[in-house]
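Here is a sequence with its predicted model. Questions after.
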Amino acid sequence: MVTAIRIQRTGGPDVLDVADVEIGEPGHGKVLVEVSAAGVNYIDTYQRSGLYPVPLPYTPGLEGAGRIIAVGAGVTGLSVGDRVAWQGSPGSYAEQAVVPAEMAVRIPEGVTDESAAAVMLQGITAHYLTASTHRVREGETVLVHAAAGGVGLLLTQLAKAKGARVIGTVSTPEKEQLAREAGADEVIRYTERDFVAATREFTGGEGVDVVYDGVGASTYEGSLSCLRPRGLLALFGASSGPVPPIDPQRLNKGGSLYLTRPTSADYTRSRQEIEWRVGELFDGIANGTLNVRIGARYALADARKAHEDLEGRRTTGKVLLLP
């Protein structure tokens with residue numbers, strides 16, 4: 001038996017219970033990992049609340065890192081003792097987790113378990129948004145909402161590395177400082193200024209090439225208004241709530257705009273694609289060109305507090321549980 005967080009019913013953070021569970025041996029094509037760090041993400045809160053239904057009871061946590069302690073039949077290329085990280089496999093809020101070998105990638109020297117866990121979901125998200133959803137090019141201008149959050153800080157760094165001008169939105173002076181340290185050229189405190197008017201001002205009325213919006217309900221309409229003709233809104237999250245249905249004519253009137261709702265699963269459809277994205281992220285961490293900010297660390301038993309702080313926007317950077 002190992003300690004894990006279990007959800008018996010959907011609801012608020014109070015439904016996250018500490019429990020002893022039976023993990024068992026890894027089956028065919030899987031590995032058993034002693035979890036050293038588990039990432040906390042907004043998708044965990046959506047599953048906990050019932051917004052994204054999952055079979056119950058359920059152990060949350062779609063990303064993590066740790067050391068392999070057992071290998072199932074049919075696994076090649078991975079051995080007991082290897083440090084690995086993963087994303088897309090539930091059950092990381094636990095002392096041990098069974099992970100499909102096809103989802104586990106080795107952690108290279110120069111990358112800590114915490115940093116690896118911190119970029120498996122948010123880092124891959126930032127990578128596909130800037131490299132695939134909209135291939136950021138030199139000279140473009142991008143708007144990043146929640147620029148001091150886990151994805152926001154990574155998005156800002158990756159977009160700057162490609163030669164873009166980055167405008168970020170934040171809520172506090174402290175978060176503005178973090179966004180600027182990540183490379184943001186302009187920062188808008190949306191609590192003090194209308195971000196649409198400020199974005200238009202910063203771009204001479206032209207608008208931005210792409211908006212990366214993980215906030216959702218409270219920002220999507222303004223995000224569309226920040227785009228230049230034929231600009232793209234990449235709506236990749238909904239921390240303020242889901243976006244209501246959009247009339248396609250809104251895109252027409254805005255200047256033949258594009259709207260997409262990407263998800264990580266569609267940008268990690270092959271082992272080759274996973275290794276490409278993770279490899280570039282790990283290389284950046286190892287050579288110091290990509291800074292991964294761990295904003296908060298919580299004990300496994302404090303998962304409720306982690307969710308409360310994340311949803312209350314009291315965190316910056318990456319939130320981790322440390323089993």
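Nice, I can see it.

Secondary structure element for residue 111, which one?
When elements are defined using DSSP states H and E, residue 111 is found to belong to no helix and no strand.

Just give me the longest strand of the chain.
Among all segments of the chain classified by DSSP state E, the strand with the greatest residue count is strand 30-40.

and after it, which helix or strand comes next?
Toward the C-terminal end, the helix or strand that comes next after strand 30-40 (DSSP H and E) is helix 42-49.

helices or strands up against that next one?
Using 3 or more C-beta pairs under 8 Å, 6 or more residues apart in numbering; DSSP states H and E as the contact criterion, the elements in contact with helix 42-49 are helix 303-311. (Each C-beta comes from the backbone N, C-alpha and C, glycine too.)

List of residues touching the helix it packs on?
Here helix 303-311 makes contact (C-beta atoms under 8 Å, 6 or more residues apart in numbering) with 5, 13-14, 16, 18, 40, 42, 44-45, 48, 60, 93, 239, 296, 298, 315, 319, 321.

one more time with 6 Å, if that's ok
The set of residues that contact helix 303-311 without belonging to it, under C-beta atoms under 6 Å, 6 or more residues apart in numbering, is 5, 13, 16, 40, 45, 93, 298, 315, 319.

in which helix or strand would I find residue 51?
With DSSP H and E as the test, residue 51 turns up in no helix or strand.

Just say helix, strand or coil for the closest residue to it other than its chain neighbours.
The spatially closest residue to residue 51, leaving aside those adjacent along the chain, is residue 242, at 7.1 Å (C-beta to C-beta, 6 or more residues apart in numbering). For residue 242, the reduced secondary structure class is coil; criterion used: DSSP: H, G, I helix; E, B strand; the rest coil.

count of neighbours near residue 242?
10 (other C-beta atoms under 10 Å).

From residue 120, how far off is residue 100?
Going from residue 100 to residue 120 by C-beta to C-beta, to the nearest Å gives 14 Å.

Tell me which of those two has more neighbours.
residue 120 (29 against 16).

Check the secondary structure at residue 19 for me.
For residue 19, the assignment made with three-state DSSP gives strand.

Residue 211 should be in a strand, yeah?
Yes - secondary structure of residue 211, determined by three-state DSSP: located in a strand.

spatially speaking, which residue is in the middle of the chain?
Among the residues of the chain, residue 122 comes closest to the average C-alpha position under C-alpha atoms, centre = their mean, at 2.4 Å.

For the chain, which segments count as helices?
Using DSSP state H, the helices assigned to the chain run over residues 42-49, 113-119, 122-128, 150-161, 173-181, 195-202, 220-225, 248-253, 271-287, 303-311.

Near residue 13, how many other residues are there?
Other residues close to residue 13 by other C-beta under 10 Å number 18.

Now do the same contact list for residue 188.
For residue 188, the set of contacting residues under the criterion of C-beta under 6 Å, 6+ apart consists of 169, 195, 198.

what bits of the stretch 51-200 of the chain have low per-residue confidence?
In the predicted model, the stretch 51-200 of the chain carries no residue with pLDDT under 70.

so what's the backbone phi/psi at the residue nearest to residue 51?
Per-residue torsions, residue 242: phi -70, psi 150 (degrees, to the nearest 10).

doesn't residue 119 make contact with residue 87?
No - Residue 87 is not in contact with residue 119 according to C-beta atoms under 6 Å; the separation is 9.0 Å.

Break the protein down into its structural domains.
With automatic domain parsing as the criterion, the domains of the chain are listed as 2-120+268-322, 138-261.

could I get the ones you listed as JSON lines with distance to residue 129?
Formatted as JSON lines, those follow (distance: least, C-beta to C-beta, whole Å):
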{"stretch": "domain 2-120+268-322", "distance to residue 129": "11"}
{"stretch": "domain 138-261", "distance to residue 129": "6"}
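
For residue 127, find the nearest of those domains.
Nearest to residue 127 among those is domain 2-120+268-322 (4.6 Å), distances taken as C-beta to C-beta.

ok, the residue nearest to the centre of the chain - contacts?
150-151.

Relative to residue 264, how far out is it?
Separation of residue 122 from residue 264 (C-beta to C-beta) stands at 10 Å.

likewise residue 254?
Applying C-beta to C-beta to residue 254 and residue 264 gives a distance of 27 Å.
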